[in-house]
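Novice: Mind looking at a prediction? Sequence and model below.
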Amino acid sequence: MNVNSRATSKIAVVGGGAFGWGLALAAERAGHEVLMWSRRPQREGSQRVRLVGELAELAAAELVFFAVPSPHMPALAAELGQHLDGGHFLVHVSRGIVGEELQTLSQVLRTRTPCRRVGALAGPLVAKALVEGAPGGGIVASRFPEVQAAVRDALSCSSLRIYRTDDLIGAEFASTGVGLLAMAVGFARGVGLGPATLAVMASRGMSECARIGVALGGRTETFTGLAGYGDLLAAVADDGRPELAVGRELAAGTPLGQLGRQLGAYVEGLESARRIAAYARRTGAHAPLISLCADVFEGKVDSGQALAGLMSRQVGEE
């Protein structure tokens with residue numbers, strides 16, 4: 001398929017939640033026909049967004065976006081993979097990781113499907129802005145230039161700019177890190193911490209993510225760019241992403257088990273923090289702030305203990 005044939009190309013989306021619809025409507029604005037599969041779609045289709053009943057129907061599109069929580073990715077990828085071949089491009093938008101070895105979702109897509117040309121969409125993209133067509137931008141990460149080009153063609157319009165990088169592992173882990181740090185920002189705001197404390201927490205937390213991400217195969221500069229600090233900056237500015245709401249609810253004492261039902265969304269950062277903290281303990285990686293976040297999210301320490309832990313860290317070089 002010629003990715004420049006905007007008027008006739010089809011885009012597929014797996015997942016009909018808020019972000020899935022954001023992608024579908026962005027692609028529709030860019031002039032594409034969209035095929036969407038979802039177990040529980042949030043709305044009806046439109047002139048160019050068609051809901052399909054079977055995953056197999058998505059094989060008619062060259063580019064397939066996965067907009068589903070990470071726990072569902074392996075099974076869905078394996079099921080859809082039965083209908084795909086090496087000509088398909090697969091791109092996910094999840095902020096999650098899988099397993100105790102911090103497997104990225106691009107690795108899941110490559111192992112569960114016959115497709116090798118995979119990628120991830122990261123950066124300061126939120127569902128509400130995509131749905132409304134508000135000005136914004138993101139970054140597509142893939143080792144394959146044709147995947148980068150396909151994603152830019154699928155989503156780019158006058159209000160949405162998509163940059164690109166070939167550091168797939170770095171972009172995925174940066175996005176995961178931002179997801180859990182955004183929850184920490186929401187929590188910190190909920191307990192009344194000010195801008196200076198938020199700045200320390202966000203910057204040191206991203207530094208920890210970068211160290212682990214580089215050890216996993218990413219590049220340092222990816223964490224200082226749009227996938228890392230750029231995305232985190234949007235969260236600190238309160239762009240309305242669900243992770244911020246989760247952090248505020250945790251600060252208010254809402255039980256962890258109620259959060260998913262209350263917010264109507266699965267938030268990757270809760271599980272990501274636990275897995276990264278466990279990985280850091282097991283490998284000796286220096287990640288005290290992420291470990292503290294994991295303890296806070298799981299209710300092992302309260303806000304006062306969290307602040308004391310944050311401020312009692314040994315001060316070293318920047």
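Specialist: Looks like it arrived, so ask away. Numbering: from 1, shown residues only.

Novice: quick one, strands of the stretch 101-250 of the chain?
Specialist: 118-122, 136-141, 160-165 (DSSP state E, counting those that start in this stretch).

Novice: Tell me the strands beside the second one, with direction?
Specialist: I take that to be strand 136-141. strand 118-122 (antiparallel), strand 160-165 (parallel) (DSSP bridges).

Novice: Is the residue nearest the centre of the chain part of a helix or strand, or is it coil?
Specialist: With distances taken as Cα atoms, centre = their mean, residue 95 lies nearest the centre of the chain, 2.7 Å away. Counting by DSSP: H, G, I helix; E, B strand; the rest coil, the backbone at residue 95 sits in coil.

Novice: can you give me the helices for the stretch 51-200 of the chain?
Specialist: For the stretch 51-200 of the chain, the helices defined by DSSP state H, counting those that start in this stretch cover 73-81, 105-112, 127-132, 145-155, 168-190, 195-215.

Novice: ok, back up a step: right, and the strands of the stretch 101-250 of the chain - which one's nearest residue 272?
Specialist: strand 118-122 (14.0 Å; Cβ to Cβ). (Glycine included, C-beta is placed from N, CA and C.)

Novice: As TSV, the strands of the stretch 101-250 of the chain with distance to residue 191 would be great.
Specialist: Output for the strands of the stretch 101-250 of the chain, formatted as TSV (distance: least, Cβ to Cβ, whole Å):
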stretch	distance to residue 191
strand 118-122	28
strand 136-141	29
strand 160-165	35
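
Novice: circling back to that earlier point, for the closest residue to the residue nearest to the centre of the chain other than its chain neighbours, give me its contacts.
Specialist: Excluding the flanking residues, the one nearest residue 95 by Cβ to Cβ, 6 or more residues apart in numbering is residue 179, at 3.5 Å. Going by Cβ atoms under 8 Å, 6 or more residues apart in numbering, residue 179 touches 95, 96, 243, 267, 268, 269, 272.

Novice: residue contacts, residue 171?
Specialist: 120, 122, 139, 141, 165, 218, 222, 227.

Novice: Compile the residues you listed into CSV and extend it with columns for distance to residue 291 and neighbour count.
Specialist: Formatted as CSV, the contacts of residue 171 follow (distance: Cβ to Cβ, whole Å; neighbours: other Cβ atoms under 10 Å):
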residue, distance to residue 291, neighbour count
120, 25, 30
122, 24, 32
139, 28, 28
141, 27, 30
165, 28, 23
218, 20, 25
222, 23, 27
227, 23, 32
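
Novice: which two in the residues you listed are spaced the farthest apart?
Specialist: 139 and 218 (13.2 Å).

Novice: Just checking: the least confident one among the contacts of residue 179 is which?
Specialist: Lowest pLDDT among the contacts of residue 179: residue 267, with 80.

Novice: these two touch, right, that one and residue 246?
Specialist: Yes: the pair residue 267 / residue 246 is scored as a contact, 4.9 Å apart, by Cβ atoms under 8 Å.

Novice: Residue 164 - how many residues pack around it?
Specialist: By other Cβ atoms under 10 Å, the residues close to residue 164 number 17.

Novice: Model confidence for it, exactly?
Specialist: At residue 164, pLDDT is 97.

Novice: what do you get for residue 248?
Specialist: 92.

Novice: what's the answer for residue 313, then?
Specialist: As summarised for this prediction, residue 313 has a pLDDT of 60.

Novice: How many residues are close by residue 175?
Specialist: So residue 175, with other Cβ under 10 Å, has 32 neighbours.

Novice: follow-up on the earlier one: which one among the contacts of residue 171 gets closest to residue 156?
Specialist: Proximity of the contacts of residue 171 to residue 156 (Cβ to Cβ) peaks at residue 139, which lies at 12.1 Å.

Novice: quick one: contacts for that closest one?
Specialist: 121, 122, 123, 162, 163, 164, 165, 171, 225, 226, 227.

Novice: Report the beta-bridge partners for it.
Specialist: According to DSSP bridges, beta-bridge pairing links residue 139 with residue 122, residue 163.

Novice: Thank you, goodbye.
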